Structures are given as structure tokens and as C-alpha cells.
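Enquirer: How does the following fold in three dimensions:
(chains A and B)
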2 protein chains.
Amino acid sequence: MKVTVLSGGVGGARFTRGLLALLRDRLPDGAGGTTAQVTVVANTGDDLWLHGVRVCPDLDTLMYTLGGAVHEGQGWGRREESTRTATDLAAYGLGWEWFTLGDLDLATHLARTSLLRAGEPLSRVTARLAERWRPGVRLLPMSDDEVETHVVTDDGTIHFEEWWVRHRAAVPARGFVQVGVERATPAPGVLEALTEADVVVLPPSNPVVSVGTILGVPGVRDALRATAAPVVGVSPVVGGAPVRGMADACLAAIGVTTQAGAVARHLGLRADGGVLDAWLVDDADADAVPALVAEGWRAAAAPTLMTDVPTTAHIAAAALALVDRAP
Amino acid sequence: MKVTVLSGGVGGARFTRGLLALLRDRLPDGAGGTTAQVTVVANTGDDLWLHGVRVCPDLDTLMYTLGGAVHEGQGWGRREESTRTATDLAAYGLGWEWFTLGDLDLATHLARTSLLRAGEPLSRVTARLAERWRPGVRLLPMSDDEVETHVVTDDGTIHFEEWWVRHRAAVPARGFVQVGVERATPAPGVLEALTEADVVVLPPSNPVVSVGTILGVPGVRDALRATAAPVVGVSPVVGGAPVRGMADACLAAIGVTTQAGAVARHLGLRADGGVLDAWLVDDADADAVPALVAEGWRAAAAPTLMTDVPTTAHIAAAALALVDRAP
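Expert: Numbers count the residues shown, from 1 in each chain, chains lettered A, B, ... in the order given. Down below sits the predicted model:
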């Protein structure tokens, strides 16, 4: 069984960890793993060059979460992290002090930068870094080309991380620009992972700046629309608010209501030119299901709060069941 | 009074600290500094790109030593240093684990890389970094162009740092190649600092790979030979051995005996096409003085072990006195 996940950071990583737990339980390989093959295509639109090193927040969150090294409470970054270098760096007064550069995380940034500067494409670099963490999935960046999400505000355009981390998305966003996306090509394996999948899952990642950015890479949307695999999404919006993060500010910027049904309709039904066949909402949004079903969606409600790994495995099971791909 | 120093790392930094102490004592500015202007031109041939960041060992040693942040026992790097990032980085198996990348030192490398990547030349970057450390001198890289000293061994050519740090100079060197030096131009201010100086000092730095590399930058040797200022050097060799480091291995590679007099003759008397007028040797090498004097040198013996700052100030005083520039 081949499962392909289009993921942002924390939400996608946690979902994928639950999915893997499910697959290891239902399709065990006898060695603690699973016979299923999971490919995760990660958003790289949040990436940035910071002080000369390449930071890939979503790839790192996936690697650390699936590799068992993530700071659980925070959802991103390394466990037992420290900021000795960053604290000293701040004394040089170069700015961006609000962006956490942990000492352990910095090792990953340096390793990545080392390999990138040696001429390796990000996809090979990612595979090399993942050898250390053994995430149990094939981890792919959406593209080897640099794509950076910028946010249009009334005071000018800033990098997504500046808007998200420094301003906590509190500065009104008028729109998002994925710089370089029109010239980007999907990383090796991305289109094949969509075409050859038995099921494609959109985890509860930010629909605008995570999933939306991946969908913006030329070829990805077409491959999703053409694949024989069903495509199922899990709503990142529960009860009219994002479960985590500030997706509401992102949705508002593009004129989409922060409601589970509205997000589904924004991503769209494949039959109508969109990218989804099915949409799993939280029990709190069960009242959105009948209308979606009436419009042709496969839709259902279930508990979707990813409180721990077993609970998240249940969510993954519900999503797969919705498109008849229960393992 | 204008003093220009051509410096490598530890030896040059310690000498300059003593020189500054002397000048603050003899030519005080009333605010804890000195009315003398000291310019240090630093060797950058040991610099390297490591894991995507630019490391400039000699500039850093000078900055930390003169800025009061150096690890005294070791002579280079920061006090109270740690290696949390480097230890984690080693788990990625990219090599160069033998090169210490301290957490605090890394902050300097990141700041430098940040500014370099923004397009600033190394000389401006160095001035910016020095604002934090207030070294009390004008600190200049020998060049804004990248020059890297490589070492020719029987098993191929390797970066100087690999030979020096990893192999402790124990692999026989057949020669040194300053990659890029023929296309390098002196950094802004370097030639003026030589031309306008009242005295030029070669501290007890490695005569081959520190001073020799600076002298290799086109224009520097000519400026030294043309300046009206006297040029005085302090021998880095005492009693037939380098005071510190492995300069003997460097001297052997270019066929120079590790003797105070031999080093002087290698650098050469200005009257004979060299770069020096005077040479201060250690008391242990006093027997080399008469021959040098007979050849036209101003030469003298004095205690030259830089055991502490006051002792080093005396050495600086002896060097300046040798060319009648006692402050």
C-alpha cells in the first residue's frame, strides 16, 4: 500500500506519525515497521536563508517528529534544545533575533547548508539528513528550487516567517506571494508519488501557506487531479478556528471563511476542478457534513484532535476509511 | 604615532595586546586608550568555508584576544566555550569533526556569513564585527578576496587547516600554495597603513603561512619595501624551535632552517630586496646577533616569551626601540 501525504509542519508531522502507527499496527513488516510505503511531500515555502544557512522549518519538523527527536510540547524543534549560539549572535545586532535558532537545530541547518553548497539538490540533501533520523517515510521537499512565501502587508512585503513568527500573524495580510513558484519544478519523485499512490492524504496542515504552496508548484495540482488514487483531506479548522497556528489569518487574507466546510470548498472537489474527493471534519463540525455530501463529497465527522499518537492513528484510520482505503 | 602590524593568529594577537598596553601606558589618551593608531593587517589564508559558514581563524583570534574574550589557556577561541552544535553536527557524518566549531565562535561565523552573503566585503564585515569587541586597533583582513593556503603533501593537496589541525603538521609538507593570491588585491587601507606608518612591526607570527601569505598579496611586499617607516620583526623561533605552533614544519617545507637568524634572512633585509630592517631575537639566540649586525641588520636580543601582558609590552618596547621608535 502506497500512501502519499502533502504536508506542512507540526500538524502534518503529527498526523503522519499517527498514520505510521496505524500502518505499523495493521500492515506490520515484522521488524517494527510497515509494509506500506509512505511518501511525505513537504512544503518548503517557509524556508529561508538566515545568517547564511538554509532553514527548512517543515522538513525539520517532519524529520524530528517522525525521528523521535521533536520537542513534544512545542511541536517543532529539538528536545532539550538550547540557544547558546543564538544568544551570542544577538550581540552582533544583525536582527532576526525573534527567530529561534536552537543549538541542536543549527546542526541540521549547517549540515544542510554544507551539502547544498557542495551542489547537492535539496531532495538529495533531505534524504541524506533523514538517514540519521530514520523517519520511516520517504521525505521529499515539494521542489529542489527555492520558493519563498512572502506576505503582502500594508507596510510592504515581508518573508512569511517574519509575519508568522515575529508578528504572530497579527499584522493584516493582504495576500501571499510564493516567490519563485512559477519557475519551480516538483522534486524528483513528487509527481510519481501522486500518480502511483493508492491514496493521497492532505493532513490538517495550513490550507493556504502549506498545502496551498505545494499545490502551487507547476504540475502538482494536475497530478493530483489525474491520479487514480482517491484524495482525502482532514480539516485543520475545528469549530470555526484553526486547531493550531494562525490559519484563520491566512484564510482571511484570501477571502475564505474559517469554517471546515469553507476550507474544503476552497480546496475543491476533484469532480469540479479541485483536488479532493473526501473531507474529514471534527465532530464539532458534524453539521457541515450533509451539505458537503449533497455537493458530491465523501464527508464524515470524527474526533480529530491529535492529542496523542493512538488518537491520531484513529484519525488517520477514519480518513482512509472515508475513501475505502482502510489498511 | 601610527603603528602597523602584519599578523597571524595567536602569536600576533598576543604581541599586539602587549603593544597596546605599552602604547596606553606611554601615549595615553586620557580615556584608557592611546593616542597612537594601531592597524593590524591579518592573514586570511587560513580562512575556509566550513558547513556553509566562513571561518576566519586569525581575524577571530585577534578580535577575541584584543577584545578580552579569548580563551587564555588555548590562545584562540572564546572563553567558556561549548560545542553543543558541533557535537550534534558530527552525527550527520559530514567530516571535519576535528575542526572545533564552538557554539560561541559559531555566532561569529554566522554573523560574518550573514554579512558576506548580503554582499559586504570582508573588510567591512570585519569592521562591523569588531564594533562588538572594540579591539582598540583598526583590524583589516589582508584582502577582501578569498585566498586559501593549501598544503602539498605526498598524498595530495589539502587545506591548510586540515594539515595543521587534523594532522598537527605531522604529514610532511612539500610546499604551500596560496590559492587565489595572485588575483587578490590588498583590502582597502592595507597599503596606506604601510605607507603612512611611523613603524611597521612583524610580530612573532608564522613566517611562512601567516606573514608569508600576507606578503604574497600583490602590492604588499612593494609597499613594505617602499615605506619610509622602519620595519622590525620579532623572531617566532627561539632556541631552534617555534615558541608555539609548528612553524618548524612550515620552514622545513620551504627549505629554511628553524633558527632565528635563518628566519630573518628568509624574510630578508630591505636593503637587499627583503622586507625587514631590524630583527629582535630571544636572549637564547643572542649569538645570532653579531652576524646579523655584520650583514647590515639592526638586531638585538631580549627576553621574547610572551608570558603575560606586561612582559609582552616590554618585548614590544624592545622591538620599537630597535628602530628608534620607542613611544
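
Enquirer: tell me which strands and helices the helix or strand harbouring A:Cys250 is in contact with?
Expert: A:Cys250 is part of helix A:247-253, with elements assigned from DSSP states H and E. Helix A:247-253 is packed against strand A:175-179, strand A:237-238, helix A:260-267, with contacts defined by 3 or more Cβ pairs under 8 Å, 6 or more residues apart in numbering or on different chains; DSSP states H and E. Every residue, glycine included, has its C-beta placed from N, CA and C.

Enquirer: Just send those back as TSV, with mean neighbour count, mean pLDDT and distance to chain B too.
Expert: Formatted as TSV, those follow (neighbours: other Cβ atoms under 10 Å in any protein chain shown; pLDDT from 0 to 100; distance: least, Cβ to the nearest Cβ, whole Å):
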stretch	mean neighbour count	mean pLDDT	distance to chain B
strand A:175-179	17	93	17
strand A:237-238	24	95	36
helix A:260-267	22	97	36
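
Enquirer: tell me which parts of chain A are close to chain B?
Expert: Contacts of chain A with chain B, taken as Cβ under 8 Å from any Cβ of the partner chain, map to A:49-54, A:82, A:84-86, A:88-89, A:91-94, A:103-104, A:106-108, A:110-111, A:113-117, A:128-129, A:132.

Enquirer: Now with 7 Å, please.
Expert: Residues of chain A that fall close to chain B, judged by Cβ under 7 Å from any Cβ of the partner chain: A:49, A:51-53, A:82, A:84-85, A:88-89, A:91-92, A:94, A:103-104, A:106-107, A:110-111, A:113-114, A:117, A:129, A:132.

Enquirer: Spell out, range by range, the helices that occur in the stretch 51-200 of chain A.
Expert: Counting by DSSP state H, counting those that start in this stretch, the stretch 51-200 of chain A has helices at residues A:57-66, A:84-90, A:103-117, A:122-133, A:160-161, A:190-195.

Enquirer: which stretch among those helices comes nearest B:Gly216?
Expert: Using Cβ to Cβ as the measure, helix A:103-117 is the one of the helices of the stretch 51-200 of chain A that comes nearest B:Gly216, at 26.4 Å.

Enquirer: So what touches the closest one?
Expert: A:53-56, A:60, A:77-78, A:81-85, A:122, A:125, A:128-129, B:49, B:51-52, B:84-85, B:88-89, B:92, B:94, B:103 (Cβ atoms under 7 Å, 6 or more residues apart in numbering or on different chains).

Enquirer: Give me the residues contacting the helix holding A:Cys250.
Expert: A:169, A:173-176, A:206-209, A:236-237, A:241-242, A:258.

Enquirer: now do stretch A:316-327
Expert: Taking Cβ under 7 Å, 6+ apart as the rule, stretch A:316-327 contacts A:1, A:15, A:18-19, A:22-23, A:26-27, A:36, A:198-199, A:201, A:230, A:232, A:234, A:277-278, A:280, A:298, A:300, A:302.

Enquirer: try it again with 8 Å
Expert: For stretch A:316-327, the external contacting residues (Cβ atoms under 8 Å, 6 or more residues apart in numbering or on different chains) are A:1, A:3, A:15, A:18-19, A:21-23, A:26-27, A:36, A:198-199, A:201, A:230-234, A:277-278, A:280, A:298-300, A:302.

Enquirer: Would you convert the helices and strands packed on helix A:247-253 into a markdown table that also reports distance to B:Gly73?
Expert: A markdown table is the format used below for these (distance: least, Cβ to Cβ, whole Å):
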| stretch | distance to B:Gly73 |
| --- | --- |
| strand A:175-179 | 48 |
| strand A:237-238 | 58 |
| helix A:260-267 | 60 |
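
Enquirer: how far away is A:Thr4 from chain B?
Expert: Using Cβ to the nearest Cβ, to the nearest Å, A:Thr4 is found at 27 Å from chain B.

Enquirer: Which of the three states applies to that residue?
Expert: Following DSSP: H, G, I helix; E, B strand; the rest coil, the label given to A:Thr4 is strand.

Enquirer: Next, count neighbours for the nearest residue to A:Ser82 once chain neighbours are set aside.
Expert: Leaving aside its sequence neighbours, A:Ser82 sits nearest to A:Asp103 (Cβ to Cβ, 6 or more residues apart in numbering or on different chains; 4.8 Å). A:Asp103 has 24 neighbours, counted by other Cβ atoms under 10 Å in any protein chain shown.

Enquirer: picking that back up, out of the helices of the stretch 51-200 of chain A, which is the most enclosed?
Expert: With neighbours taken as mean count of other Cβ atoms under 10 Å in any protein chain shown, the helices of the stretch 51-200 of chain A reach their highest mean count in helix A:57-66, at a mean of 26.

Enquirer: if we can go back for a sec, filter the contacts of stretch A:316-327 down to the buried ones and hand me the ChimeraX line.
Expert: Under the burial definition 16 or more other Cβ atoms under 10 Å in any protein chain shown, those of those that qualify are selected in ChimeraX by:
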select /A:1,3,15,18,19,21,22,23,26,36,198,199,201,230,231,232,233,234,277,278,280,298,299,300,302
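
Enquirer: Counting only strands, which of the contacts of stretch A:316-327 make the cut?
Expert: Among the contacts of stretch A:316-327, DSSP state E puts A:3, A:199, A:201, A:231-234, A:278, A:280, A:298-300, A:302 in strands.

Enquirer: State the pair within the residues you listed that is farthest apart.
Expert: So, the ones in strands among the contacts of stretch A:316-327 by Cβ to Cβ: farthest apart are A:Val3 and A:Ala299, at 20.1 Å.

Enquirer: can you give me phi and psi for whichever residue of the stretch 201-327 of chain A sits closest to chain B?
Expert: Nearest residue of the stretch 201-327 of chain A to chain B: A:Thr213, at 24.0 Å (Cβ to the nearest Cβ). Taking degrees, to the nearest 10, you get phi -70, psi -40 for the backbone angles of A:Thr213.

Enquirer: who are the neighbours in contact with it?
Expert: So A:Thr213 contacts A:Asn43, A:Thr44, A:Gly45, A:Met142, A:Val147, A:Thr149, A:Gln178, A:Val181 (Cβ under 8 Å, 6+ apart).

Enquirer: if you set the cut-off to 7 Å instead, what comes out?
Expert: Per Cβ under 7 Å, 6+ apart, neighbours of A:Thr213: A:Asn43, A:Gly45, A:Val147, A:Thr149, A:Gln178.
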